[in-house]
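Visitor: everything below, folded, please.
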Amino acid sequence: MNSYKHRREIILLGLAPITPEVKGMWHKGYPVHQGETEASINFATLYANKKGIIPDQELLRREWLDFVGTLLQAGFHLNIIPFPAELNRPDSLYHDAVFIRDGGLIFRGIWIKSRFSVKDRMFEGEFHAQLIESKLGKTVVSLPEGAYLEGGDINYLETSNGSYYFGGLSRSNKQGHDFVREIIRPDHYILVKSEGYHLDTVFTPVVTVDNRLAAIIIAADGISPESMAQVRSLGIEVLEVSAQDSSGAGETLGDYAVNALIAPGVMVNSSRFSTPGVEEALKKLGIERYVTALSSFRYAGGSVHCLTNEVY
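Guide: Numbering: from 1, shown residues only. Alright, predicted model coming up:
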């Protein structure tokens, strides 16, 4: 199968264990986080908070195990790192740390550590860095003063038609992205202003089996006109999707289908795209589709892309 031809190595953080003091992930509800701007609020956690939603721990664990099985089926090689005990205490229940994507970016032998604009999540970056350093032997690189960067705002890929770096400007700033740019020196560098709290809630690239960037799926209503113009200037097919395929709108929570893990010829996400024509376009491009339900994580505003991080 194509997915096995282009095997990718992925990091996952294991689920936080249930203890006598901590009754499971988000067992007291989903915390509402916001960065420096109003647009950076996590709509899903706001929705869950208003509705008083508490995840069913048995369902959450079953969904996570199915998710792991789906990644293996899709041909990914997994490094599952234990959840840090320091973040699984009654006085530290933010637990968004399971979204290891947000903690930083691996590039060759280094881990570029995020600096969170969400103050409640700053400790996550420290513990992620310690784990990556000890378990994978990567050298930790910190951002300069005044630079903010969260991994969910980064979509970096190396393709047969060049390397691409897409950076979100919701919870990250230009200084953070420019620092990374100087390290990895991508062929294409585009910063995207969006209303999504992370870029990966409104955007995913699509790469064909021959490792060519063939399309970009984007929730255009949440993207600034200037950023949309920049994306279109690449000359790559743009597939616009509805808010339902992103984080949602109004009183309706979205499906986060756009929050996808991709590899050459492969896409894994938590829902089929509801926007007409998108699944057909992916089929035409020869993309192998894998879908794994993650409803318990959706209320935290995260999905497949958030739960994974590539080892480049």
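
Visitor: can you name the residues that contact the nearest residue to Asp153 once chain neighbours are set aside?
Guide: Nearest non-adjacent residue to Asp153, counting by Cβ to Cβ, 6 or more residues apart in numbering: Gly168, 3.5 Å away. To be clear about C-beta, it is placed using only N, CA and C from the backbone, and glycine gets the same treatment. Taking Cβ atoms under 8 Å, 6 or more residues apart in numbering, we find Gly168 in contact with Gly152, Asp153, Ile154, Leu191, Val192, Ser194, Gly196, His198, Leu199, Asp200, Phe203.

Visitor: please, where are all the strands along the stretch 51-200 of the chain?
Guide: Taking DSSP state E, counting those that start in this stretch as the criterion, the stretch 51-200 of the chain carries its strands at 77-81, 104-107, 110-113, 139-141, 154-159, 162-168, 188-192.

Visitor: which stretch among the ones you listed comes nearest Arg232?
Guide: strand 188-192 (10.6 Å; Cβ to Cβ).

Visitor: now what about the helix ranked longest in the chain, what contacts it?
Guide: Longest helix in the chain, counting residues (DSSP state H): helix 57-73. Helix 57-73 is contacted by residues 10, 12, 15, 18, 23-25, 27, 78, 80, 261, 268, 290-297, 304, 307-308 when judged by Cβ under 8 Å, 6+ apart.

Visitor: which members of those residues are classed as buried?
Guide: 10, 12, 15, 24-25, 261, 268, 290, 292, 294, 296-297, 304, 307-308 (16 or more other Cβ atoms under 10 Å).

Visitor: taking the residues you listed together, which two end up most distant?
Guide: Among the buried ones among the contacts of helix 57-73, Gly24 and Tyr290 lie farthest apart (Cβ to Cβ), at 26.3 Å.

Visitor: narrow the contacts of helix 57-73 to those in strands?
Guide: Ile10, Leu12, Leu78, Ile80, Leu261, Val268, Tyr290, Val291 (DSSP state E).

Visitor: of those, which pair is most distant in space?
Guide: So, the ones in strands among the contacts of helix 57-73 by Cβ to Cβ: farthest apart are Ile80 and Val291, at 21.0 Å.

Visitor: circling back: most neighbours out of the contacts of Gly168, which is it?
Guide: If you count neighbours using other Cβ atoms under 10 Å, the busiest of these is Asp153, which has 33 neighbours.

Visitor: in contact with that one, which residues?
Guide: Contacts for Asp153 (Cβ under 8 Å, 6+ apart) come out as Gly167, Gly168, Leu169, Ser170, Arg171, Ser172, His177, His198, Leu199, Asp200.

Visitor: same check on Ser142?
Guide: Lys113, Arg115.

Visitor: one more time with 10 Å
Guide: Gly104, Trp111, Ile112, Lys113, Ser114, Arg115, Gly125, Ala129, Phe179 (Cβ atoms under 10 Å, 6 or more residues apart in numbering).

Visitor: mind checking which of those residues are buried?
Guide: The buried subset of those - by 16+ other Cβ under 10 Å - is Gly104, Trp111, Ile112, Lys113, Ser114, Arg115, Gly125, Ala129, Phe179.

Visitor: quick check: the farthest pair among those?
Guide: Farthest apart among these by Cβ to Cβ are Ala129 and Phe179. That separation is 15.5 Å.

Visitor: just for the protein, where's the confidence low?
Guide: For the chain, residues meeting the criterion pLDDT under 70 lie at 1-7, 34-40, 92-95.

Visitor: wait, what's in contact with the closest residue to Ala219 other than its chain neighbours?
Guide: Using Cβ to Cβ, 6+ apart and skipping residues adjacent in sequence, the residue nearest Ala219 is Ser246, 3.7 Å away. Contact analysis of Ser246 by Cβ under 10 Å, 6+ apart lists 43, 194-196, 201-203, 217-222, 254-259, 275.
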